[in-house]
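[1] Mind looking at a prediction? Sequence and model below.
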Amino acid sequence: MTKHPGPGPKELRGIGVSPGIIIGKAHLVDRSKAKVQYQYIINDAHINREVRRFKEALTITEEQLTTLKNSMPDHVKELAVILDSHRLILKDTMLNDATVQKILDEKINAEWALMRSLQEIRQIFEQIDDKYISGRINDVENVADRILRNLSGKKQQHLAEITERVIIVAHDLSPGDTTELNVSRVMGFITDIGGRTSHTGILAHALQIPAVVGLETVTDMVKEGDLLIVDGNAGEVVVNPEDNDIITYQEKQLEHEAYTSSIARTGHLPAVTIDGHKIAIFANMEFLEEVTAVKEHGGEGIGLYRTEFLYLRSKGLPSEDDLFEDYRQVAEIIAPNPVTIRSLDLGGDKIPTTLEMSKEINPALGLRAIRFCLKEPHILKTQFRAILRASIYGQIQVMLPMVSGLQEILDAKRILEQAKKELDQEKIDFNHDIKVGIMIEVPSAVTMADILARHVDFFSIGTNDLIQYALAIDRNNEHVAYMAQPFHPAILKMIQQVVVAAKDAGIAVSLCGEMAGDPLCTPFLLGLGLENLSMNARAIPLIKNVVRSITLQEACDDFKNVMKLHTEKAVRTYALERSKNYLP
Ligand code: PEP
Ligand code: MG
């Protein structure tokens, strides 16, 4: 599609991460950091104005912090100390007086002076060895950001407050932002940045909100109130469409709805290939509220419960009882089918605002998932206790994310044993033989799969991260999103290696990345030996239908054929050609 500058409709292409076609009004949400520009102030009279502006911004910031503290719900009142510490930072001479001094001495604008003070404070913090104290720089940055916003007069809008039927247009939305969306109101969203398997996209899919990401400059092209067509299937956006565009997309919308509802009616049928091989189809989920959708779409259990959203949604750490209650309900509703509860996978693009996690330059390679949990073992143990307590209410198994080697499994299992011992001492009942598995999503775990398989009960292959780490592409980065393709021969070979290692060791293996719900991949996955797939609930009816339309023999031949192809493009072309036999 081409971009048309100037008036008239503009057609943009991005990455469709959540299907569905919507037509509605744009609502711009500013999630960018306040931009700071250097200004030299020539006129002496203006210097005093600059000092006054800075002091007024401090006063407004203090008032905001007080209002925030007073409006905190009772159960998170203990977190008010964070806001108190922010108020103290406001009064700190290194931030406050030093900035005023810089405005006066260097004749610069308040924003630039504040950034300079912040830079000096950062340098001091960097010299502190104590990780806890040096980590407090995040609080200082947070306060400085708030002052900057007040200097610029910008307000950060809470997405939960949006009550109109609008399409959100933002530079970026975090997974936390997405969980705040009022899904009965917000029709969909489009963003400048993001990739196919970003967690924001996965959440949009789960919440059934059509979304297109990676549009690069959409926030510059769209004005508040513009009419938009968003096609989450094709990754297309039309800004201020003409009448015939609207008619075309309305027709596509009707076709899409007719197709999905005809497929949905067959969701409860088992996924058995024409030559009689049964494939187990499970669902991925993020919130308790999704369990019923899993059942409605024909999921035979939950292959991946991403538990971190409970932590992102709550103001502070959820208690053991909160977690237990959530897991118990999921297990009970889905019983007698199983549920695989993944231990906390925070970090990367999932940063809760209330937890002490330092900002990292390279978060995808940083203190994420099992690494974070092993550094904060009390958080992991609380979660394990909750999972164990819930384990008598259904078929629960536990899974560790982002394992890179054996030591992490041994360390996590030691914490699990401690949790079991405590519960035994407290005479609390649980399933002593709970199964423990790992996600295979780091290339080192693929290489070690034969060894790791001796220490766990099952593997689940997380291709979203495996593609990111094996092909060295940030899964949230729109500039390399074109490379985030499951058809890369290296990825197919890695998956096969893991499946072989699991089968040799006699343990179960499944695949739970977005690839599992991509109908173009289904023949390859079956052909390389997978018999268990876990996917977004909405993809289940379609994938079951694909399985019922092919034979395992054909799938094995397909896999053999693509293993002779050496580029991602060649494999994709093969997949597209092949899909003409089983997709409309
Ligand atoms: C994966 O990485 O493939 C996966 C399923 O986990 P997540 O998307 O939550 O990182
Ligand atoms: Mg992952």
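    Sure, I can see it. Ligands and ions are numbered 1, 2, ... in the order given.

[2] Might you enumerate the residues of the stretch 101-250 of the chain proximal to ligand 1?
    Residues of the stretch 101-250 of the chain lying close to ligand 1 (CB under 6 Å from any ligand atom) are residue 202. From N, CA and C alone the C-beta is placed, and that goes for glycine too.

[3] how about the strands of the stretch 101-250 of the chain, start to end?
    Taking DSSP state E, counting those that start in this stretch as the criterion, the stretch 101-250 of the chain contains strands spanning 166-170, 188-191, 211-213, 227-231, 236-239.

[4] TSV for those strands, including distance to ligand 2?
    Written out in TSV, the entries for those read as follows (distance: least, CB to the ion, whole Å):
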stretch	distance to ligand 2
strand 166-170	24
strand 188-191	21
strand 211-213	18
strand 227-231	27
strand 236-239	28
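
[5] Columns mean pLDDT, mean neighbour count and distance to residue 545 on top of those strands, output as TSV?
    Converted to TSV, these look like this (pLDDT from 0 to 100; neighbours: other CB atoms under 10 Å; distance: least, CB to CB, whole Å):
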stretch	mean pLDDT	mean neighbour count	distance to residue 545
strand 166-170	93	24	30
strand 188-191	94	28	25
strand 211-213	95	30	24
strand 227-231	96	24	22
strand 236-239	96	23	25
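
[6] Ok, which of those strands comes nearest residue 468?
    For these, the distance to residue 468 is smallest for strand 211-213, at 15.4 Å, taking CB to CB.

[7] Walk me through which strands that closest one pairs with, and which way each runs.
    Strands flanking strand 211-213 in the sheet, each with its direction: strand 15-18 (antiparallel), strand 188-191 (parallel) (DSSP bridges).

[8] so which of those comes closest to residue 210?
    Distances from residue 210 to each of those were compared by CB to CB, and the smallest falls on strand 188-191, at 4.0 Å.

[9] Please work out which residue of the stretch 301-450 of the chain is closest to ligand 1.
    Per CB to the nearest ligand atom, residue 441 is where the stretch 301-450 of the chain lies closest to ligand 1, at 4.6 Å.

[10] Would you mind confirming that that residue makes contact with residue 465?
    Yes. Here residue 441 lies in contact with residue 465, judged by CB atoms under 8 Å, at a distance of 3.7 Å.

[11] intersection of neighbour lists for the two?
    Residues touching both residue 441 and residue 465 (CB atoms under 8 Å, 6 or more residues apart in numbering): 402, 513.

[12] and the strands of the stretch 101-250 of the chain as TSV, adding distance to residue 28?
    Supplementary listing: these in TSV, determined by distance: least, CB to CB, whole Å:
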stretch	distance to residue 28
strand 166-170	5
strand 188-191	11
strand 211-213	15
strand 227-231	11
strand 236-239	12
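
[13] closest one to residue 284 among those strands?
    Of all these, the one in closest proximity to residue 284, counting by CB to CB, is strand 211-213 (16.7 Å).

[14] Quick one: distance of that closest one to the chain centre.
    Here the centre of strand 211-213 is set off from its chain's centre by 14 Å, with CA atoms, centre = their mean, to the nearest Å.

[15] How about residues contacting that strand?
    Contacts made with strand 211-213 from outside it, assessed by CB under 8 Å, 6+ apart, are listed as 14-18, 188-191, 193-195, 198, 200-201, 204-205, 230-232, 235-237, 478.

[16] Model confidence at residue 194, what's the number?
    Model confidence at residue 194, given as pLDDT, is 85.

[17] I meant to write residue 35 there.
    63.

[18] and if you look at residue 7?
    The predicted structure scores residue 7 at 56 on the pLDDT scale.

[19] how about the residue of the stretch 301-450 of the chain closest to ligand 1, what does it touch?
    When contacts are taken as CB under 8 Å, 6+ apart, residue 441 is in contact with 401-402, 461-466, 469, 513.

[20] Domain-wise, how is this protein divided?
    Here the chain is described, according to automatic domain parsing, as comprising the domains 10-31+158-260, 44-152, 265-579.

[21] so where do the helices sit in the stretch 301-450 of the chain?
    308-313, 320-334, 369-375, 377-390, 406-425, 443-447, 449-452 (DSSP state H, counting those that start in this stretch).

[22] nearest to residue 452, of the strands of the stretch 101-250 of the chain?
    Nearest to residue 452 among these is strand 211-213 (33.3 Å), distances taken as CB to CB.

[23] Point out the residues in the stretch 351-500 of the chain that sit beside ligand 1.
    With CB under 6 Å from any ligand atom as the criterion, the stretch 351-500 of the chain comes near ligand 1 at residues 441, 462-465.

[24] Just the buried ones among these, please.
    By the neighbour-count criterion of 16 or more other CB atoms under 10 Å, those include these buried positions: 441, 462-465.

[25] Could you tell me the least trusted of the domains of the chain?
    Lowest mean pLDDT within the domains of the chain: domain 44-152, a mean of 81.

[26] and that one, how far out from the chain's middle?
    In this view, domain 44-152 has its centroid 30 Å away from the chain centroid, taken as CA atoms, centre = their mean.

[27] what's the first-to-last distance across it?
    For domain 44-152, the first and last residues are 21 Å from each other (CA to CA, to the nearest Å).

[28] what does stretch 288-298 give?
    Length of stretch 288-298, first residue to last, CA to CA: 17 Å.

[29] List the buried residues for that stretch?
    Judged by neighbour count (16+ other CB under 10 Å), stretch 288-298 contains these buried residues: 288, 290-291, 293-295, 297-298.

[30] can you tell me the helix or strand for the residue nearest to residue 558 when sequence neighbours are not counted?
    In space, not counting the residues next to it along the chain, residue 558 is nearest to residue 523; the distance is 4.4 Å by CB to CB, 6 or more residues apart in numbering. Applying DSSP states H and E as the criterion places residue 523 in helix 522-527.
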